[in-house]
Every structure is written in structure tokens, then in C-alpha cells.
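[1] what's the 3D shape of this:
(2 chains, ligands or ions: 1)
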Amino acid sequence: MSSLLKKIDHYRQLFTEQVSRVKEAREVEELRQAFLGRKKGHLTLLFEEFKTLGPEEKKNVGQMLNELKSDIQNSLAEMEQKLKAPARVKQLEDLTLPGRQLYWGAPHPITLFQREIERIFISMGFSVEEGPEIETDYYNFEALNFPPHHPARDSWDTLYINDTLLLRTHTSPVQIRVMEKKKPPIRIIIPGKVFRRETPDPTHLPMFYQVEGLVVDRGITFAHLKGTLEYFIKALFGEKIKLRFRPSFFPFTEPSAEVDIECIVCGGQDSACRVCGGSGWKEILGAGMVDPQVFKNVNIDPEVYSGWAFGLGIDRTAMFAFQIPEIRHFYENDLRFLRQFNRR
Amino acid sequence: MKISYSWLKEFVNLNLSPQELASSLNQIGLMVESITAAGEDTVFEIETYANRPDTLGHLGVAREIATLLDLNLKTRNWPLKELPQTTAEMVDINILDPQLCPRYCGLVVKGVKVGPSPDWLKKRLEAVGLRPINNVVDVSNYVCFSLGQPIHTFDLSKLKGGKIKIRKARKGETIRTLEGETVELDPEMLVIADESTPVAIAGVIGGEESGITESTSDVFIESANFNPVSIRQTAKKLGLSTDASYRFERGADPNAAPAAAVMAASLLCEFGGRVSKGLLDVYPAPRKPRTVTLRLRRVNELLGLEIEPEFVVKILTGLGLKLKEQGPQVWTVEIPSFRVDLEREADLVEEVARFYGYDRIPSAITPVKSFELPADRKRDRVWRLKEVLFHHGFDEVINFSFTDPEKEQLWQTGCQPIRLQNPISAKLSILRTSLLPGLVENAVWNFNREAEGVHIFEVGNIYYWEQEETHRENLNLGILTTGLRSGRTWKETEKQTDFYVLKGAVEDICNYLGYENFSFEPVEHPFFEPGQGLRILVKNEPVGLLGLLNGNLARSYDLERPVYCAEIDLNELLRKQPRTFSFQPVPRFPGTSRDLSFLVEDSLNYQQIQQQLQKLNIPYLENFLIYDRFQGKALPPGKVSFSVRFYFRHSARTLQTEEVDRAMQEIISQLKSTLKIQLR
Ligand SMILES: [Zn+2]
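    You can find the predicted model right below:
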């Protein structure tokens, strides 16, 4: 009996010694054969010998023998796992070399800014409408309460195609087109290209973009106009921006207002400021309550419904927001200008 | 409009600092654009509006400020040194067209010593940017900029027969104006004439002949009212805008005419003048004052406020309106003749709001009572399409809608261009009929500025006459790629762009927008080199073109590199119904693939082979991919080699080798008969 215990001890030591020298998976298999092989494995032979023992001895030795067997099995399995680790891969030489970058095209800054404006209004439940760029005198002027031959038209210097057709000078004709086919409530914005007979200079071009807003419903007030535009401007320029409403004149709104925001370039501190001329304020949009005559022109009863509208120049506002000094950059399409906008 | 602070004080007592006055003016909408110190005076440049001719004189601005500050306007007296003779004895005023001249007032001042104005008068005029000329002319300007009523002074001795006829010009009549230019008059223009010839263009400019000179001693003062539209049309036709026409075309106050004449006459008495007795006032059809009903309820409804009725009464009365209570908090309001802008209740609401202060009106959220889905998905799809192009590395550009007809003509777009009646310049005189010329100009611009490659697109309208009198604007997409696609890096050499960069972008637009049923067919088009253009068809209908830009066109822009471009009709493309998305089960059993290389006649192109492959009717054939095309010396002449990988799959089990073998045999036999393939 003691001889068997000794043998158990011996093989445990032998295994520990041999397993510590294993370097490849092949050697694990060899060890397994040597110790656990079906016919000549060391432990197999010990188990054979164990069978000859009497019942009293079996109890003690059996436990030792089984422990050794499970230790060897565990150890071999562990070793096998360790050696299965992936084959060694080729090392990178210089990880600091630049990665493979993809060039994404840049959206035009007008598109970008327009989408930002749309996003704000869509979040307030507005939908987006569009309309034609070639308009009639009726939609561009008359329906918007510009009498024929009135000097009010001078501020909307027009490019004509013939006596009735023109290039729209503002997005406002779409207000009329929408109100003609849709009953209130109306809650829309209208972005698009507009055209004026302006000789190009740093702040004027014959083509630019506008966005127009229109709300028509029962019980709409000037207070609603103020609240909505204040939210919009803060969403666009940040919570802290200061703004002011002051009276103005547009033929298609009454009362009319203009909205100024504080000059983000100089904060009113530079009397020679290129952007605000030292006033500290920058005119940003025109607005007002829809003129009752405009409602009559589209068969909406101004006694029942009221509404507000606003219009804003996208180019001018983008110039101000991005501090772009000249409007012509937008239409020169210089890639060194355009590509800056895919970082936004 | 320039406003002098000292001049304002002639009408109202003010002791505000210039800054305080400016912010008061801003509050009521007389936006101060600049403040300039001018000696003891301060000059404000204020923005005035086309509907407020009353603010084109210091009196009107003073009235606004007085109302805001709750002050009274000063009343001024204009004493006259009178002659024994009446005006009517000296001149005869005859309005021949009362539509165009509703009122005409006249006075004669005899014995005026014409000379330089006194300093106080010069200072007034200089403050508002006018050049002093002589005391008579300066007085008329002073009256005009005080009251907003233009007046004109004639040398009485030059008015033949002492006759003043207000009539339309006769065909062929001309007049030499005070600016020294001879202008031809047309019969639509209103003139002031004496017995025989025009002496002034009514409301616009006087004639040189009848003007005041050093030797004038007897002056005829005209203070009249003219039809705004007529004055505007005349001024526009003549290309003349004067202080007088500017005021008359906005609508001058007929009731200001007598007072202005008297004021001018009184001032001329300072220079030795004696005034004819009795103002000659011809006013055949006196205008009745307008009345408007105003409800306090409506004021509050439109402004979102609770305003006191006393405030409404105080403000409107201050502005010269007369309120008569019609019912509880309802007034009949009589509008003074100088306020041409006040016609409806809403106009009065604005007056109340202006003086209440826009900044004091509360802010509220515009209530939402219903939600609406967008009418169509077109805008979403346009953005999706742009995203595909950004991903392909194309930058977005925006070009002017107008273009140079000479350049456009080279392109032979086949569209009848729309010409502008009054273009900014000849080079911007038609509307574009294609987006490609603009994109090519952008390429040139950028190549001239260090760019090595230009990959751009534009989404915008083109415009043309569809038929005579029927115009059309159409949303198009233009894409252009030329030059280097990517620069050299440590990993890769530089890459030139090519036709397939462009085509891949076009195909991806169709794929990602769900227009999977697209194809191409060869097309000859003036945009492209012969044999180098394709037409894009979606659901077998043409939607656009793409190809290699015609070399002659490219050279006319000094472009040496090959340029690949496409133009797609987005109205046509987006009108088509995209495939509705439906989920496909993810395969549960492995598929298998087989490659096949074969030779065909080189007259066959990829698309023809692809179409035949699509027609194959083979069980378990899931997909195929043409992965190689080869032509060259190693092949028999007139042949081209294609390699195709076929993918097979069974949805419910793993395919067996024999089944795939049989399928391949079937494919080969079908292709032998349809494409006459030869196996390699
Ligand atoms: Zn500034």
C-alpha cells in the first residue's frame, strides 16, 4: 500500500516537472499519452494496481489517485488553452503614421444654415413649403398689398421677364399660394431663392436666399409673433443673445416690425464696427401681423382669423453668424471657402 | 431723411440728449441710422417708409415725438406784408386736369431782393444736406423740409400772360430743366404751362427759363397737390428723382398746400417782398376726411394685451386723429389728411402698438392646435441624395440662376432660354437652361486657384420657355468631376478621377433612393464627346445624361483635363415611386458560389451581358457579380473575356455539390445559346 502512495507522489512530482517544460501543443498531447494513455499511461497502470488492493486500503488511496488524475487533467487543459493563443502577427512599424481618412463632400453653407433654421421651426410644429421662382406681378406684389406704381415697390427692385412675369423678389408670394389652397390653421416656413435688381457689392447680390414664416389661426396675436421669434433667434444664436423689436413698414403686414439682435462681432463696443456701424445692433428680420387686405385677397376672413409672418435673409444671417465679410463668397464656389463647412 | 435737432425744436420744446432722442425715435419706428454732431446742432439720419410722407418734414417728426413724450406742438404765425392787389388780378390759375392736380394754391410776392440767404437759413439747409442757392430757392426748400409740402417758385415776369395752366404735355413739347437738361415730354406727363409753353414738369422739376435768377424781383409761389401715380410715372420715365417728386409720389397732404404757400410768402417778406392779397386756392373737389372704426377689443386681440382706453385716446389724439365714441370702447376715428397710411382698423392698431412700445408687448408661445404630416417627401429625398454625394466626396455649390447668353449658346441645351427685360448686365441677361455651364465655370475658377481636382454638384432650377408664353422651371441635379480624386499619401499614390467615379455616384443615388430599376443607354449629345455619353433611364424612362464633356466645349473654357459630368432631371426622377422597403429574411443556410470565365464577341457590352444574366431561370441562383472584363493580345481577335461569380442558396437546407454543378451546367448551356459564349 505504501508503495502505491509513494508512486502517486512520484508521478505527481514527475508531472509537475514535465509540465513546466512544455512549450508546444504537441508536448501537451505527449504528456497526456504518457500519464493518461489508455494502455500504458502511468495513471492507467496505477489504477490497474489499485484494483488489487483490499477494501480498507482502497478508501484512502482511491481518493489520492482520483485527485491526481483530475489535477493532471485540469493542468493539461489549462496548458492546452494557453498554447492555443493566436499565432503571432506581423508588428506595425510606425503607429504614428496617419490613418486612411475619407473625404466627405461639404454642404454649401447656405444649405447648412437653411437646414438649421428649418430644424428649429420643424421642432415647433411648422412644415416646409416651396413655390416658384418665376412669379407673376399679382403674387409677388398685388396680392401682398403693394398697389401698382407705389414707391413701396422701390425697396423690392425687380428683375422682369415681361409685363406680367418676374423673378420673385421675396418668398412672400408663397404665403399667398398656400393660403389660396389651404384653410387655417396654417403654420409653415418657406425657404428659397429670391432675386433683386442689385448691382453686386460686398453686401448685395442679385440673387440670395430667404426664409419666410407664416402662422394663421384664430386668436393669433403680436405676442405670439414675439415669443416665437425670440425662441427662434435664441435657438440660432444662443440663449444669451439680446434682441429688440421696433416698428417698421411692409405692405403685407400691419403692425409691422423689424427685429435687431445685438452685434456679436463688437458687442456695441466698436464705433467703427464693419458689421453694425457702431450701433451695437444688427437688423436680422422683418415681421408683422398679416395685413387684413392680404387675408381678403385669399378669401380668409380677417375678423375670424389673424396671423403673423416673418422674413429673414439666409445669406445675411449666415454672414453674421459665421462672420463672413462678403456675400459674394457664397456664389463664387471657391473650394477653399466651401470645404470649411464640412467641419460644422 | 436727415433731421436737424434745432429745426425740430422750432416745432416742439425738447430737452433730451441726442442719444435719448434717438432711442425715442427708434421706439416709434423712425429708425435712427446715424447721429452726427454739426456745431451746436445734431443731425439724425432716419429711415422713413414709403407710406409715411408726413415724416418727410420736420413737423411730422416733431408730431411723433411730441405724442410719445406727451408734449404740445408749437403753433407758429406767418405774418404777411400785403399789396393792395389781389392774387387773382395778377395771375390766372387754371387746372385742366383735376384728376392729376387736385389742388393748386398760388401767391405772388413782389419786390423780392434775390441774394444769399441769412446764416440761420443756410445752417438749416446745410444741416439736412442741401446746398444754399439764393434766398428764394432756399425758402422753398426750407418750407418743404419743414412741412413736407414741396413748393415751387417762378419768376413771375417769365410767365407769359400771367397764365398758369396745369395740363398734360403736348406731343413734341420739350423743356429745359433747372438742371440744364432738355427733356422731351410725352402726353402722359403733367406740366405747368403759361400761355404757350411748359414752364415746369409738375411736381418733379422746374424749367430753367422761368426759374429764379439774380434779376428776379417778382416771385410766383406754387404750392400744389399732384396725383402720386402720375408723378411717379413721370419721374421714372425721365429718370429723375427730386425732393418734390419723392414727396408727391408718396402722397402729399392737400391741406398742407395753403399753409406752405403762406409760410413761404411770409419768409419772402423778410427780403423786401410784398404779398398779393388773398391766397388763390383752386380746389375743385375738396377731399372728405376718411373715418375708421376702432374697437379696443380688436386692439387687444391683435396685440395680445390689455390696453387702457385712455391710452388709445391720448395717443391717437396726439397724432392729430379725432376720436368720437361710437359705443363702449368703440370709436369713430377721423383721419387727418396728412396720414395717407391710415385706412383700416389694423393701421390704427399699429399706431397704438408703436407708442405703447413693441418691447413692452409680452411674449407668448404660438399655440399649436393640430399636427400635419409633410405633403410630400421630395425635400427629404433631395437631402438624401445630397448625402449620397457628400459621401462620394462631392462638394455642393450654388450658382446664379442668370447667365451669359453667349456662353450658354455653346452648350446647345435644346431649351428656349428666358430673357430678362431689365438685366443687371448683358452677361447676366438670360436664365440658365442647364446647370453644367455653371459647374464648368466653378471648375475653371478652382483650377486657377491651386485646386488639383474638382468634384462638385448643384441642385437648383433651370428655366425655359416650354411653348410660347408658357414658362417652366425645373429642379435639376448637376454633377461634375475632373482632375485628381485623391492626393498622394504614404499608403497610396494619387488617383485621377474617371467616368466610373461619376457613374458610381449616379448609381448610388438611384440605389439609396430606392429607384433600383435603372439602366443606361448610349446617347449622342452636344454636351459629350462622340460615343462618350449615356442616358440614364429609371423604370425605362429617361431622367438624365452623363458622359465625358465635349472637348471643344472644355477648350472654350480653357479646360485641358477630361471633365466628366451628369445632369439629372429631379422633377422626373423624384416623381417616380421608389420601391417600398420590405424586410427580407436573413439566410439561415450557407450559400455557395462558382466562378465562370468566358469569351464573347467584343461588340457585346457589360449591360447586354448583365441583362441576359438577369434573364437566367436557374433554381437556387441567388445573385451574380461580373468581376472581370479583359480584352487583349492573349485573346482571339474580336473577343472579350468576362468573369462572373454566381451565388447559390437554398432557403431551407444546405445545397449539395451535385445540385450546384447541375445549375452551372444549365447556366453554361443557356449562355451558349443566348450570348454565344466560349468557355475559357
Ligand atoms: Zn458691431
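[2] Can you tell me the SS state at the closest residue to residue B:383 other than its chain neighbours?
    Closest residue to residue B:383 apart from its sequence neighbours, by C-beta to C-beta, 6 or more residues apart in numbering or on different chains: residue A:115 at 7.7 Å. The C-beta positions use only the backbone N, C-alpha and C, and glycine is treated the same way. What DSSP: H, G, I helix; E, B strand; the rest coil gives for residue A:115 is helix.
[3] In terms of pLDDT, where does residue A:115 sit?
    Note on residue A:115: pLDDT of 94.
[4] before we move on, what about the one 5 residues further on?
    Taken from the predicted model, the pLDDT recorded for residue A:120 is 96.
[5] ok, back up a step: tell me how many other residues surround the residue nearest to residue B:383.
    Residues lying near residue A:115 (other C-beta atoms under 10 Å in any protein chain shown) number 14.
[6] Same question for residue B:131.
    For residue B:131, the count of nearby residues is 10 (other C-beta under 10 Å).
[7] mind listing what the closest residue to it other than its chain neighbours touches?
    Residue nearest to residue B:131 in three dimensions, not counting chain neighbours: residue B:125, with 7.4 Å by C-beta to C-beta, 6+ apart. By C-beta atoms under 8 Å, 6 or more residues apart in numbering or on different chains, residue B:125 lies in contact with B:117, B:131, B:132, B:138, B:141, B:142, B:145.
[8] Look up the pLDDT of residue B:374 for me, please.
    pLDDT recorded at residue B:374 is 68.
[9] before we move on, what about residue A:193?
    What the model reports for residue A:193 is a pLDDT of 97.
[10] can you pull the contacts of the residue of the stretch 51-200 of chain A found nearest the ion?
    Proximity of the stretch 51-200 of chain A to the ion (C-beta to the ion) peaks at residue A:113, 20.1 Å away. Contacts for residue A:113 were tallied using C-beta under 8 Å, 6+ apart; they are A:314, A:317, A:318, A:321.
[11] What's the separation between it and residue A:175?
    Using C-beta to C-beta, to the nearest Å, one gets 22 Å for the distance from residue A:113 to residue A:175.
[12] How about the residues of chain A by the ion?
    For chain A, the residues in contact with the ion (C-beta under 5 Å from the ion) are A:263, A:265, A:266, A:273, A:275, A:276.
[13] List buried residues within those.
    Listed as buried from the residues of chain A next to the ion are A:263, A:266, A:273, A:275, A:276; burial here means 16 or more other C-beta atoms under 10 Å in any protein chain shown.
[14] Run the chain-centre distance for the helix ranked longest in chain A.
    Criterion DSSP state H: the longest helix present in chain A is helix A:55-83. Centroid displacement of helix A:55-83 relative to its chain, using C-alpha atoms, centre = their mean, to the nearest Å, is 61 Å.
[15] Give me the helices and strands touching it, please.
    Contacting helix A:55-83 under the criterion 3 or more C-beta pairs under 8 Å, 6 or more residues apart in numbering or on different chains; DSSP states H and E are the following elements: helix A:2-19, helix A:25-36, helix A:42-50.
[16] burial count for residue B:291?
    15.
[17] what pLDDT, on average, does the helix or strand hosting it get?
    Secondary structure assignment for residue B:291, by DSSP states H and E: strand B:290-295. Averaged across strand B:290-295, pLDDT comes to 96.
[18] now stretch A:32-50
    Stretch A:32-50 shows a mean pLDDT of 86.
[19] Quick one: end-to-end length of it, please.
    Start-to-end span of stretch A:32-50 (C-alpha to C-alpha, to the nearest Å) is 20 Å.
[20] In terms of helix, strand or coil, where does the closest residue to residue B:79 other than its chain neighbours fall?
    In space, residue B:79 comes closest to residue B:266 once its chain neighbours are excluded; the distance is 6.0 Å by C-beta to C-beta, 6+ apart. In the three-state summary, residue B:266 is assigned as helix, counting by three-state DSSP.
[21] Distance of residue B:266 relative to residue B:275?
    For residue B:266, the distance to residue B:275 (C-beta to C-beta) stands at 8 Å.
[22] of the two, who's got more company?
    More neighbours surround residue B:275 than the other of residue B:266 and residue B:275, with 25 against 21 (other C-beta under 10 Å).
[23] Quick check: the more buried one touching residue B:264?
    No. Assessed by C-beta atoms under 8 Å, residue B:275 is found out of contact with residue B:264, at 9.8 Å.
[24] can you point me to the longest helix in chain B?
    The longest helix of chain B (DSSP H) is helix B:657-674.
[25] Residues in contact with both of residue B:266 and residue B:275, list them for me.
    Contacts common to residue B:266 and residue B:275, judged by C-beta under 8 Å, 6+ apart, are residue B:80.
[26] which stretch of helix or strand covers residue B:349?
    Secondary structure from DSSP H and E places residue B:349 in helix B:345-356.
[27] Give the rounded mean pLDDT of whichever helix or strand comes after that helix.
    With elements assigned by DSSP H and E, the helix or strand that comes after helix B:345-356 is helix B:378-391. Averaging pLDDT along helix B:378-391 gives 94.
[28] what's helix B:378-391 packed up against?
    strand B:395-396, strand B:453-467, strand B:470-486, helix B:499-512, helix B:570-575.
[29] Just the buried residues of the longest helix of chain A, please?
    Residues A:61, A:64, A:65, A:68, A:69, A:72, A:75, A:76, A:79 are the ones in helix A:55-83 that count as buried (16+ other C-beta under 10 Å).
[30] Check stretch A:227-246 too.
    A:227, A:228, A:229, A:231, A:232, A:233, A:235, A:236, A:237, A:243, A:245, A:246.
[31] do it and chain B meet?
    Yes. Using C-beta under 8 Å from any C-beta of the partner chain, stretch A:227-246 reaches chain B at A:227, A:228, A:230, A:231, A:244, A:245, A:246.
[32] quick one, what contacts residue B:620?
    Residues near residue B:620 by C-beta under 8 Å, 6+ apart: B:648, B:649, B:650, B:655, B:659, B:660, B:663.
[33] Make CSV out of these and add neighbour count and distance to residue B:300.
    Shown next, in CSV, are the contacts of residue B:620 (neighbours: other C-beta atoms under 10 Å in any protein chain shown; distance: C-beta to C-beta, whole Å):
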residue, neighbour count, distance to residue B:300
B:648, 20, 78
B:649, 17, 74
B:650, 18, 77
B:655, 17, 80
B:659, 15, 84
B:660, 19, 83
B:663, 20, 82
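[34] Much appreciated, bye for now.
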